[in-house]
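Visitor: I would like the atomic coordinates for the input below:
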Amino acid sequence: MTTHKHNTSVRAAVVQAGAVPFDSEACVDKAARLIADASALGAKVIVFPEAFIAGYPKGVNYGLVVGARDPAGREEFRLYLEAAIEVPGAQTQRLGEAAAAHGVYVVMGVIEREAGTCYCTVLFFGQDGSLLGKHRKLMPTVMERVIWGFGDGSTLTVIDSPYGRIGSVICWENYMPMLRMAMYSKNVALYCAPTADDRDTWIASMQHIALEGRCFVLTACQFLRKKDFPDTVRVSLGDSPEAVLMRGGSAIVNPLGQVLAGPNFGSETILTADLDLNDIGRGKFDFDVSGHYSRPDVFQLNVNEAPMKAVQTKTWLKLRLPCQAYNLEKSKVAK
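Guide: The predicted structure follows:
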């Protein structure tokens, strides 16, 4: 494991911008431009929204009703599956190159494809462009379960950086107390919360998490209009092409729950804040939820971080049958 000498401050950025839904190459192009823009603002850690690469299909119902699907919906899913990216793959290579070109850490929401299943995933890129890890969303929300698979505990990833440990919890996963506790126990310093939740109530949750975990919270949401979707996809929400489907609400919060940047509603933007990383230690003085403020004699959490596969293959050692062993011993005696 690489040992990092921790800095005492860092400028972080959350990107509030719309994806180019169903077009991963265009999404990567836009992401590379936004990484350059955030770097020009002095950011060393850059967080993107949920599903920025390939897009969050807000308002797309895929022709679903209980008990039936329609052919147009099947085609819409095929297009979405086709737009999803392989990890690692050509698009992750390009994203890594963008991170390396500016010497920044990038936390990127993507739609990942593995065989015939899409996953809502966050990727972590290092300053040298290396793909350091990923987190697959454990629990897609409501209709998301139709189009996304379920992650498992093997991707509860945190990465080491000069600015402390960086981890990510996606959208309504942040409402899962046990998942939050698992992340706090990993000593996460920069808690990244890519989301599609643009409600006014979201910021209160982010402040609560910052206070609960005594960590910095960086939340990024898209600003997305109906016209951003291709004509080949039916979007049920919005009365006009200019209709706003996601209005942002991105923000940065410090370990005592103070909002350092945002929330911003109403436009694409890049929010930055200078983080005093010593605020984490100051916050732990009176509250460390997985340390001195825990009661393991009363409450314990067990986390399964093993990969869960539908089909697991094993290579078995060639075993001698009892009769083979008996014949082998007889041959030795005869000699």
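Visitor: so what's Gly126 up against?
Guide: Shown in contact with Gly126 (CB atoms under 8 Å, 6 or more residues apart in numbering): Ala99, Tyr105, Leu132, Ile159, Ser161. C-betas here are computed from N, CA, C, even on glycine.
Visitor: Now that we have those, can you turn them into TSV and tack on pLDDT?
Guide: Formatted as TSV, those follow (pLDDT from 0 to 100):
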residue	pLDDT
Ala99	98
Tyr105	98
Leu132	98
Ile159	97
Ser161	97
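Visitor: Counting neighbours, which of those comes out on top?
Guide: Neighbours here mean other CB atoms under 10 Å. Within the contacts of Gly126, the largest count is held by Ala99, at 26 neighbours.
Visitor: now that residue, what's its secondary structure?
Guide: helix (DSSP: H, G, I helix; E, B strand; the rest coil).
Visitor: What segments of the stretch 51-200 of the chain are helices?
Guide: With DSSP state H, counting those that start in this stretch as the definition, the stretch 51-200 of the chain shows helices at residue ranges 71-83, 90-102, 144-147, 177-185.
Visitor: Pull out the buried positions in stretch 173-182.
Guide: By 16 or more other CB atoms under 10 Å, the buried positions in stretch 173-182 come out as Glu173, Asn174, Leu179, Arg180, Met181, Ala182.
Visitor: oh, I was asking about stretch 142-150
Guide: Within stretch 142-150, the residues scored as buried using 16+ other CB under 10 Å are Glu144, Ile147, Trp148, Gly149.
Visitor: ok so, going back, quick one: which of the contacts of Gly126 sit in strands?
Guide: The strands, defined by DSSP state E, take in Tyr105, Leu132, Ile159 from these.
Visitor: quick one, strands of this protein?
Guide: Under DSSP E, the chain gives strands at 9-16, 45-47, 105-114, 117-125, 131-136, 158-159, 165-168, 188-195, 216-221, 223-225, 244-253, 259-265, 269-276.
Visitor: so where's the protein shaky on pLDDT?
Guide: 1-5, 316-335 (pLDDT under 70).
Visitor: centroid residue for it?
Guide: By CA atoms, centre = their mean, the chain has its centre lying nearest to Val122, at 2.7 Å.
Visitor: possible to save the ones in strands among the contacts of Gly126 as JSON lines with distance to Val66?
Guide: Listed next are the ones in strands among the contacts of Gly126 as JSON lines, based on distance: CB to CB, whole Å:
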{"residue": "Tyr105", "distance to Val66": "43"}
{"residue": "Leu132", "distance to Val66": "41"}
{"residue": "Ile159", "distance to Val66": "41"}
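Visitor: would you list the helices of the stretch 51-200 of the chain in a markdown table and tack on distance to Ala36?
Guide: Output for the helices of the stretch 51-200 of the chain, formatted as a markdown table (distance: least, CB to CB, whole Å):
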| stretch | distance to Ala36 |
| --- | --- |
| helix 71-83 | 23 |
| helix 90-102 | 6 |
| helix 144-147 | 31 |
| helix 177-185 | 30 |
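Visitor: quick one, which of those is nearest to Arg11?
Guide: Each of those has some distance to Arg11 by CB to CB; the shortest is helix 90-102, at 12.6 Å.
Visitor: still on that earlier bit, beta partners of the residue nearest to the centre of the chain?
Guide: Bridge pairing for Val122 (DSSP bridges) gives the partners Gly109, His135.
Visitor: rewinding a little: in a markdown table, list the contacts of Gly126 along with distance to Thr269.
Guide: A markdown table is the format used below for those (distance: CB to CB, whole Å):
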| residue | distance to Thr269 |
| --- | --- |
| Ala99 | 21 |
| Tyr105 | 20 |
| Leu132 | 27 |
| Ile159 | 26 |
| Ser161 | 24 |
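Visitor: What residues sit buried inside stretch 63-75?
Guide: Gly63, Gly73.
Visitor: could I get that stretch in CSV with only the CA atoms?
Guide: Only the C-alpha atoms of stretch 63-75 are listed here, as CSV (Å, rounded to 0.1, in the frame of the first residue of the first chain):
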residue,chain,number,x,y,z
GLY,A,63,-42.5,1.4,-21.5
LEU,A,64,-42.9,-0.4,-18.2
VAL,A,65,-46.1,-1.4,-16.4
VAL,A,66,-46.5,-4.3,-13.9
GLY,A,67,-46.6,-7.5,-15.9
ALA,A,68,-45.7,-6.1,-19.3
ARG,A,69,-42.9,-4.5,-21.4
ASP,A,70,-43.1,-2.9,-24.8
PRO,A,71,-40.8,-3.3,-27.8
ALA,A,72,-39.8,0.4,-27.7
GLY,A,73,-38.7,0.1,-24.1
ARG,A,74,-36.6,-2.9,-24.9
GLU,A,75,-34.8,-0.9,-27.6
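Visitor: Looking at the buried residues of stretch 173-182, which is nearest Leu260?
Guide: Distance to Leu260 across those (CB to CB) is lowest for Asn174, with 18.3 Å.
Visitor: Now for the closest residue to Tyr175 other than its chain neighbours, how many residues are close by?
Guide: Spatial nearest neighbour of Tyr175, chain neighbours left out: Ser205 (7.3 Å); criterion: CB to CB, 6 or more residues apart in numbering. Residues lying near Ser205 (other CB under 10 Å) number 18.
Visitor: How about Ser154?
Guide: 15.
Visitor: So what does the nearest residue to it once chain neighbours are set aside look like in phi/psi?
Guide: Counting by CB to CB, 6+ apart, Pro307 is the residue found nearest to Ser154 once chain neighbours are left out, at 4.2 Å. Per-residue torsions, Pro307: phi -60, psi 140 (degrees, to the nearest 10).
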